[in-house]
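Engineer: What follows is a protein structure lacking sequence information:
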Ligand SMILES: [Zn+2]
């Protein structure tokens, strides 16, 4: 009886291989692909609950902003030091082989680019850039680090003495006392600086959305990896694939909001599953 069942029922990872084989794939990734690089996914099934910052909190509350920059001053270096994992490397390898056309990512960690992916759409921006909300001047996070270090001598050293330093997906870090932290403004116009990251309550720039739609429109399959598609900014690409009548494959630990649209759903980690797909 068992033998009969096994001969008729294929497992989801085999279905995924069959679906991707010989097709052009657009990849959409979320926080789940970066957890094996040491960047926690605050929406994953095993993660502690966390309230992500909103744009309104950032611009509206100076105390909140001070705490944000103090934590980011420590946390961004951890994100900068993170290295791509097997999942990122697999996506880059599949692009070189011509299977993957490009990747749309909701992550701000630049790990796809660091892994060698060439066509990457950083939907929510990146931790490595900072922009002025008044004059739109952009500077590197490293340049800001030098200015913040000069304005806050000894702060990083004190923070490192706090045990159990935790880093969040938006390059935040948990630091206890931030009340004496000095925030710096744009050195061109004195405007408010903000990481060039799309926060809750902000919209993704139109040009990026268009570039991502273009990628989905060129593809035969949309592969979603490591995203629960909790936010509309990602789910819309699944809707686009459905509207175009191309199959959607989802690799994610736990349920996702796209599951009802998925031709194949693999409930698994992305490092192992994408690695297997790339034949590594
Ligand atoms: Zn400015």
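Structural biologist: Cool, got the structure. On a predicted model such as this, the values are computed, not experimentally measured, just so you know.
Engineer: residues in contact with the residue lying closest to residue 132 once chain neighbours are set aside?
Structural biologist: Closest residue to residue 132 in three dimensions, ignoring its sequence neighbours and counting by C-beta to C-beta, 6 or more residues apart in numbering: residue 186, at 3.9 Å. Bear in mind the C-beta positions are built from the backbone N, C-alpha and C, glycine included. Contact partners of residue 186, counting by C-beta atoms under 8 Å, 6 or more residues apart in numbering, are 132, 134, 135, 137, 192, 193.
Engineer: ok, now with 10 Å
Structural biologist: Shown here is residue 186, whose contacts under the criterion C-beta atoms under 10 Å, 6 or more residues apart in numbering are 130, 131, 132, 133, 134, 135, 136, 137, 139, 192, 193.
Engineer: Start and end of stretch 181-195, how far apart?
Structural biologist: Criterion C-alpha to C-alpha, to the nearest Å; first-to-last residue distance in stretch 181-195 is 17 Å.
Engineer: to the chain's geometric centre, what's the distance from it?
Structural biologist: Centre-to-centre, stretch 181-195 and its host chain are 25 Å apart (C-alpha atoms, centre = their mean, to the nearest Å).
Engineer: Determine if any part of it is in contact with the ion.
Structural biologist: Yes - part of stretch 181-195 sits near the ion under the criterion C-beta under 5 Å from the ion, namely 186, 188, 189, 191.
Engineer: TSV for those, including pLDDT and secondary structure?
Structural biologist: Rendered in TSV, the data for the residues of stretch 181-195 next to the ion read as follows (pLDDT from 0 to 100; DSSP: H, G, I helix; E, B strand; the rest coil):
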residue	pLDDT	secondary structure
186	97	coil
188	97	coil
189	98	coil
191	97	coil
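Engineer: Give me the buried subset of the residues you listed.
Structural biologist: Restricting the residues of stretch 181-195 next to the ion to buried positions leaves 186, 191, with burial counted as 16 or more other C-beta atoms under 10 Å.
Engineer: is it possible to export the residues of stretch 181-195 next to the ion to CSV including distance to residue 13?
Structural biologist: Written out in CSV, the entries for these read as follows (distance: C-beta to C-beta, whole Å):
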residue, distance to residue 13
186, 49
188, 52
189, 53
191, 50
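Engineer: what's the neighbour count on residue 267?
Structural biologist: Residue 267 sits with 14 neighbouring residues when counted by other C-beta atoms under 10 Å.
Engineer: Now it: closest residue in space, sequence neighbours ignored.
Structural biologist: residue 253 (6.5 Å).
Engineer: repeat for residue 189
Structural biologist: Spatially, and ignoring its direct neighbours in sequence, residue 189 is nearest to residue 135 (4.4 Å; C-beta to C-beta, 6+ apart).
Engineer: That neighbour - how many residues pack around it?
Structural biologist: Close neighbours of residue 135, defined as other C-beta under 10 Å, add up to 12.
Engineer: For it, give its distance to the ion.
Structural biologist: Relative to the ion, residue 135 is positioned 3 Å away (C-beta to the ion, to the nearest Å).
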